[in-house]
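Peer 1: sharing a model that was predicted from the sequence below.
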Amino acid sequence: MNFKNSMWIVLFLSAMVSCKRGKDTTSQEIKTYASVKHLMEVEELLEIHKHEKVVIVDFRKDEEYKKGHIEGAINIWRTDIEDTSYPYGGMMAKKVDIETFFSKLGIKNDAILVVYDNKGSSDAARLWWLLKSYGFESVKLLNGGLSAWRQIGGSTSYEMTKTEPSIFTLPVKDALDAWIGKEELLGMVNSSNNVIILDARTEEEFSGKRRKEGATKAGRIPKSIHVDWARSIDYEGTKKFRTFPELEAIYSELEASRDDTIIVYCHTGVRSAHTTFVLTELLGYEQVRNYDGSWTEWSQFDNLPFEKDSVQF
Ligand SMILES: O=S(=O)([O-])[S-]
């Protein structure tokens, strides 16, 4: 092929790419994230929300759902996906219980779940993480949640969405690579190996000044570094995830390489599921694990080491 012909091919391909970009509903910022496989923009949902496979999940308390939700959304809340057999709250529900619950809600195996809340996806991310841990990948967080949807004129409803029961099964093989339990974490705390333990709670919880309900004491897991989860979104504004460069700057505080092991925790593993999403999906860290029981569980056991600031302001 001569030089002139190859130039034409290059020009044709770049025209195709920019033409495709013109149609793309995802924003320019999103393109810089490591992956958008589990993220959806409201503009895209507007185009596809009536598709039979799309199941919109309003992941807020029932009373908030009743005050207005995305038209057609079903309602799931944190307590629906908890294992209540523990003496403390917040542990992730058993696989079989998720299957039974989802079947009751009429969710099918080929569903595309689009999950939202109105708190910057901080609650919604727990459902993404739980399903990911059970090997179910067809879940997307709605960037900016309900307020972003309202902003673009998306329709809302007060009516409870009616569904027919289905048979929902999770993949046979769990994918617990983003999950960690307390025994393994204790081993990491006690070992001299390099592990990054990230506390995603507020400064007050991290320092030991504040004990939230459910925990038996205030404090933090030894070796913890603190980065409040809420820094990763524009909380007072759009409630969307911050851009890639902004997130890079925030999490550079960890001084971690992309393949370092990072363990994230919070009070009951919800805000830390959000941070797990940010680190893995948006920033491309490869070995991030959310401590399911988090501080609520850790605080129950007197034999587990903990720290707190000696001076409380
Ligand atoms: O979000 S939380 O689990 O820390 S209460």
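Peer 2: Great, that's in hand.

Peer 1: any idea how far residue 229 is from residue 137?
Peer 2: Separation of residue 137 from residue 229 (Cβ to Cβ, to the nearest Å): 23 Å. Using the backbone N, CA and C atoms, a C-beta is placed for each residue, glycine as well.

Peer 1: check residue 275 too.
Peer 2: 5 Å.

Peer 1: where do the contact lists of those two overlap?
Peer 2: Contact criterion Cβ atoms under 8 Å, 6 or more residues apart in numbering; residues bridging residue 275 and residue 229 by contacting each: 200, 266.

Peer 1: residue 137 and residue 229: which has the busier surroundings?
Peer 2: The residue with the greater number of neighbours, taking residue 137 and residue 229 and applying other Cβ atoms under 10 Å, is residue 229; the counts read 26 against 11.

Peer 1: that one touches residue 274, doesn't it?
Peer 2: Yes - at 5.2 Å, residue 229 counts as touching residue 274 under the criterion of Cβ atoms under 8 Å.

Peer 1: overlap in contacts of the two?
Peer 2: Between them, residue 229 and residue 274 share the neighbouring residues 122, 200, with contact defined by Cβ under 8 Å, 6+ apart.

Peer 1: now the strands for the stretch 151-300 of the chain?
Peer 2: Secondary structure of the stretch 151-300 of the chain (DSSP state E, counting those that start in this stretch): strands at 156-157, 179-180, 196-199, 224-226, 261-265, 287-291.

Peer 1: so which of those strands is nearest the ligand?
Peer 2: strand 261-265 (8.5 Å; Cβ to the nearest ligand atom).

Peer 1: starting from that closest one, tell me which strands it pairs with and how they run.
Peer 2: In the sheet, strand 261-265 lines up against strand 196-199 (parallel), strand 287-291 (parallel) (DSSP bridges).

Peer 1: what pLDDT is listed against residue 25?
Peer 2: Looking at residue 25, its pLDDT is 44.

Peer 1: what's the answer for the one 10 residues further on, then?
Peer 2: Among the per-residue scores, residue 35 shows a pLDDT of 96.

Peer 1: what do you get for residue 14?
Peer 2: Per-residue pLDDT puts residue 14 at 39.

Peer 1: try residue 225
Peer 2: For residue 225, the predicted pLDDT is 97.

Peer 1: now do the same contact list for it.
Peer 2: Applying Cβ under 8 Å, 6+ apart, the residues contacting residue 225 are 196-199, 253-254.
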